[in-house]
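> Sequence isn't available, so here's the structure alone:
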């Protein structure tokens, strides 16, 4: 990698110096010089940019909080550039881990809470439950290469999945539903709307208040039409992209739009 120092830069913590270091690092991150996306060490970057390691570390901290780089420990560790957005294909029903692995990401999840609660009215309607019926209420943060990409809030009928919470919830719940309970998700109805992150959502996802989110409400069904899941998910707009397949006769669609 060629050496390109920042003109007039000196070790320090001034905003101007840090901005210059960040701009240069973003240029490196967008280049194709490293197949595995690994950045040079803090020492190497400090020498190349003519600044202190402290300044480099502060800028890398900012980039990590923004979800642009991830740090890994160990012999094969270092600072790595985060891959581009995760594609969410609405034409294919699968758990998020499957999406991530298929696109070369390393999936992960953090379970925020897992409780048994009376179903809220919206869940009662979505799952066809009796008022007051109990559901497993699970909130998780999804990770792609250790970067938070979504917050999931899913509800499952306790009658259909009695001991669901005793099974691992940091992977694909769809796999648990199929292998442990014989309930295979076959189709889903999903509604998508753009929203802005509030304070709680921003803190949970490591973003700023007001950043864009994709809110997806989903009801998943078994082959016989039994509702299996009612989920309200929030995906980071800067880390995910929705793909939707459409088929049919364009002329028929045009006629359907006519008054």
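Received, thanks. Computed from a prediction, not measured in an experiment: that's the story for all the values here.
> which one is residue 171 nearest to, not counting chain neighbours?
residue 97 (5.9 Å; C-beta to C-beta, 6 or more residues apart in numbering). C-beta here means a position set from N, CA and C on the backbone, and glycine is covered the same way.
> Now the one you found: which helix or strand?
In this structure, residue 97 sits in helix 96-102 according to DSSP states H and E.
> And residue 188, by the same measure?
When the helices and strands are read off by DSSP H and E, the one containing residue 188 is strand 187-196.
> What of residue 229?
Residue 229 belongs to strand 227-236 when assigned by DSSP H and E.
> now the next helix or strand after that strand: mean pLDDT?
Where DSSP H and E defines the elements, the next helix or strand beyond strand 227-236 is strand 240-243. Averaging pLDDT along strand 240-243 yields 85.
> do the same with stretch 203-216
Stretch 203-216 shows an average pLDDT of 92 in the prediction.
> start to end distance for it?
For stretch 203-216, the separation between the terminal residues is 19 Å (C-alpha to C-alpha, to the nearest Å).
> One more: stretch 61-77?
Stretch 61-77 has an end-to-end distance of 16 Å (C-alpha to C-alpha).
> residue ranges of the helices in the stretch 151-259 of the chain, please?
Under the criterion DSSP state H, counting those that start in this stretch, the stretch 151-259 of the chain contains helices at 173-181, 199-205, 250-257.
> What is the first one packed up against?
Contacts of helix 173-181 with other secondary structure elements, assessed using 3 or more C-beta pairs under 8 Å, 6 or more residues apart in numbering; DSSP states H and E, are made with strand 147-157, strand 227-236.
> at 6 Å instead, please
Counting by 3 or more C-beta pairs under 6 Å, 6 or more residues apart in numbering; DSSP states H and E, no packing neighbours are recorded for helix 173-181 among the helices and strands.
> So for it, what gets flagged as buried?
Across helix 173-181, burial judged by 16 or more other C-beta atoms under 10 Å covers 173, 174, 175, 176, 177, 181.
> In this structure the fourth one contacts residue 169, no?
This points to residue 176. No: with contact defined as C-beta atoms under 6 Å, residue 176 and residue 169 do not form a contacting pair (7.9 Å).
> could you point out which element follows the strand or helix carrying residue 61?
Assigned by DSSP H and E, residue 61 belongs to helix 53-65. Secondary structure here is assigned by DSSP H and E; on that basis, the next helix or strand after helix 53-65 toward the C-terminus is strand 69-72.
> Would you quantify the distance from residue 93 to residue 190?
Counting by C-beta to C-beta, to the nearest Å, the gap between residue 93 and residue 190 amounts to 10 Å.
> contacting residues around residue 149?
By C-beta atoms under 6 Å, 6 or more residues apart in numbering, the contact set of residue 149 is 86, 142, 236, 239, 240.
> If you tally nearby residues, what's the number for the closest residue to it other than its chain neighbours?
Computed as C-beta to C-beta, 6+ apart, the closest residue to residue 149 that is not its neighbour in sequence is residue 239, at 4.6 Å. When counting by other C-beta atoms under 10 Å, one arrives at 21 neighbours for residue 239.
> Now do the same for residue 122: its pLDDT.
Predicted confidence (pLDDT) for residue 122: 97.
> quick one, phi/psi of it?
phi -60, psi -40 (degrees, to the nearest 10).
> sorry, back to before: buried ones in the strand holding residue 188?
Applying a neighbour-count criterion of 16+ other C-beta under 10 Å, one finds 188, 190 buried in strand 187-196.
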